[in-house]
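In: For reference, the sequence and a predicted model appear below.
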Amino acid sequence: MGLNPLGMQTLQKATNRETRRINQRLVMGTIYDEGPISRAHVARVTGLTRTTVSDVVDGLLTDGLAEEIGFGQSTGGKAPILLRVPDDARQLIGIEVGDVHLSGAIVNLRGEIRHAVELPLDARDGERALSQLDLLVDRLMAGPHRPLLGIGLGTPGLIDTSTGTVQWAVNFDWRDLPLGQHIAERWKLRTYVVNDSQAAALAEHTFGGHARRPNMVVVKVGRGIGAGFVLDGRLYQGDGFGAGEIGHTAVADGNRPCHCGSFGCLETIASTRAVVEHARELAPRFAGSGEIDLDTLVEAFQSGDALANEVVVDAAEHLGRAIGALIGVLNVEHIVLVGEMTRFGEPWLSAVRREARRSALALLADRAQIEIGRLSPNLVVLGSAALLMTRELGLTFSR
Ligand SMILES: [Zn+2]
């Protein structure tokens, strides 16, 4: 069955449009990465003709997505005009739905935070969390900002990034919540919703000074535990967007109930919530303890308290085993730990490393570097914004 002439024309138009879109991404990405750069140089890097590059650049100049910033060195003839992407040509809203806070920021195309807002959050009230979220975006929109590209939001849970639907977020009891659609319709902006650990991985990969590493695992260890994978330079989300949901893998021998309804999950032993609970159970034996929370536990651990040590090292070893499994599955050599558990510092990290090495194939484990990330606390905010930029403009932050 063939297409009639009219159908062919429509198809041809669609193909032309798609070609233009691909060329625009290629040219803008090159100017963003390599700028200041001349049109001729862009043509060499992209393999496009000079005419095509000039056409695309005209469009970018009109849209304010590129600017001319003077002349480069002449190579004999006329000195070439240099182009670059202005850092604030577009701005983005990045949002993190955290454990106890809702954080949002206006971010520019280089990941610089221009304006930030934070609101308290009650992790058990999903309805209230939603209204706080509306308030947060209202406040960000009311502040000074340039033309906005859209909104990126990182939240714990199983998120369908293609539709912006929260399939399940245990903490807020959100199920099949069309969060992205709600935000996009309310503010008429492109919106992306992504799992918080996946956002953290994108942010570390993009802004964490690990430039040009194709593969990277970021494990976020706070009240919840999740991993994010950047593989071959791209965020890997799996078949159902749940790649990295390691927090609810049963690892512990005991039968500790988990808030997900299962037992013995990694989160019941290696999360901040778990170590605080374990320390409280041991509290009768806890030297001179008042109320135990994360702060007092970190303090006790750092001052060498034996029971704090027992609880935290046990948590670290279970995490290390899970990371050892990831090393075996993915053969990723760069693993970054982020989140509140990293407050336990070097001794905790050493226990994680030791156990990861012990539980993975020695040759693979020896090559793996496990370290604490340097970017926090805005990791999820930046990562959500990075996803939006990548998807909307094709900017991948390769440097
Ligand atoms: Zn669980």
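Out: Thanks, I have it.
In: And the helices in this structure?
Out: With DSSP state H as the criterion, the chain has helices at 5-34, 39-46, 50-63, 126-142, 179-187, 196-207, 267-270, 272-281, 294-302, 306-330, 345-359, 362-367, 379-393.
In: Could you name the helices and strands sitting against the shortest one?
Out: Helix 267-270 makes packing contacts with helix 272-281, helix 306-330 when contacts are defined by 3 or more CB pairs under 8 Å, 6 or more residues apart in numbering; DSSP states H and E. For glycine as for every other residue, the C-beta is placed from the backbone atoms N, C-alpha and C.
In: So which helix or strand of this structure has the lowest pLDDT on average?
Out: When each helix and strand of the chain is scored by mean pLDDT, DSSP states H and E, helix 362-367 comes last, with a mean of 85.
In: Are there helices or strands packed against that helix, and which ones?
Out: Judged by 3+ CB pairs under 8 Å, 6+ apart, helix 362-367 is in contact with helix 306-330, helix 345-359.
In: May I see the buried residues of that helix?
Out: L364, A365 (16 or more other CB atoms under 10 Å).
In: Of the helices of the chain, which is nearest the ion?
Out: Relative to the ion, the nearest member of the helices of the chain by CB to the ion is helix 267-270, separated by 5.4 Å.
In: and that closest one, average pLDDT?
Out: Mean pLDDT, helix 267-270: 95.
In: Give me the distance from it to the chain's centre.
Out: Distance of helix 267-270 from the chain centroid (CA atoms, centre = their mean, to the nearest Å) equals 22 Å.
In: that older thread, in a markdown table: the helices of the chain, plus distance to S162.
Out: As requested, the helices of the chain are arranged in a markdown table below (distance: least, CB to CB, whole Å):
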| stretch | distance to S162 |
| --- | --- |
| helix 5-34 | 19 |
| helix 39-46 | 28 |
| helix 50-63 | 26 |
| helix 126-142 | 21 |
| helix 179-187 | 9 |
| helix 196-207 | 13 |
| helix 267-270 | 26 |
| helix 272-281 | 31 |
| helix 294-302 | 36 |
| helix 306-330 | 23 |
| helix 345-359 | 33 |
| helix 362-367 | 33 |
| helix 379-393 | 10 |
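In: Out of these, the one nearest L231 is which?
Out: Counting by CB to CB, L231 lies closest to helix 306-330 out of the helices of the chain; the figure is 7.4 Å.
In: Going by neighbour count, which residues of the closest one are buried?
Out: Residues 307-309, 311-327, 330 are the ones in helix 306-330 that count as buried (16+ other CB under 10 Å).
In: near the ion, anything from it?
Out: No. Judged by CB under 5 Å from the ion, helix 306-330 makes no contact with the ion; its nearest approach is 12.9 Å.
In: just checking, what packs against that helix?
Out: Packing contacts for helix 306-330, counted by 3+ CB pairs under 8 Å, 6+ apart, involve strand 216-221, strand 225-231, helix 267-270, helix 272-281, helix 294-302, strand 334-338, helix 345-359, helix 362-367.
In: As TSV, these with distance to the ion would be great.
Out: Output for the helices and strands packed on helix 306-330, formatted as TSV (distance: least, CB to the ion, whole Å):
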stretch	distance to the ion
strand 216-221	14
strand 225-231	9
helix 267-270	5
helix 272-281	11
helix 294-302	20
strand 334-338	20
helix 345-359	20
helix 362-367	26
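In: Would you mind giving these as TSV with distance to E185 added?
Out: Output for the helices and strands packed on helix 306-330, formatted as TSV (distance: least, CB to CB, whole Å):
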stretch	distance to E185
strand 216-221	29
strand 225-231	28
helix 267-270	33
helix 272-281	34
helix 294-302	38
strand 334-338	32
helix 345-359	43
helix 362-367	47
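In: lowest-confidence stretch among those?
Out: Per-stretch mean pLDDT for the helices and strands packed on helix 306-330 is lowest at helix 362-367 (a mean of 85).
In: so which of the helices of the chain comes closest to I246?
Out: Closest among the helices of the chain, once you apply CB to CB, is helix 306-330, at 5.4 Å.
In: roughly how far is the closest one from the heart of the chain?
Out: Relative to the chain's own centre, helix 306-330 is displaced by 23 Å; criterion: CA atoms, centre = their mean.
In: again, but for stretch 273-280
Out: The gap between where stretch 273-280 is centred and where its chain is centred comes out at 27 Å by CA atoms, centre = their mean.
In: Pick out the residue nearest the middle of the chain.
Out: Residue closest to the average C-alpha location in the chain (CA atoms, centre = their mean): A199, at 1.5 Å.
In: contacting residues around the residue nearest to Q369 when sequence neighbours are not counted?
Out: Nearest non-adjacent residue to Q369, counting by CB to CB, 6 or more residues apart in numbering: H334, 5.7 Å away. Contacts of H334 were listed using CB atoms under 8 Å, 6 or more residues apart in numbering, and they are H210, R213, N215, M216, V217, A368, Q369.
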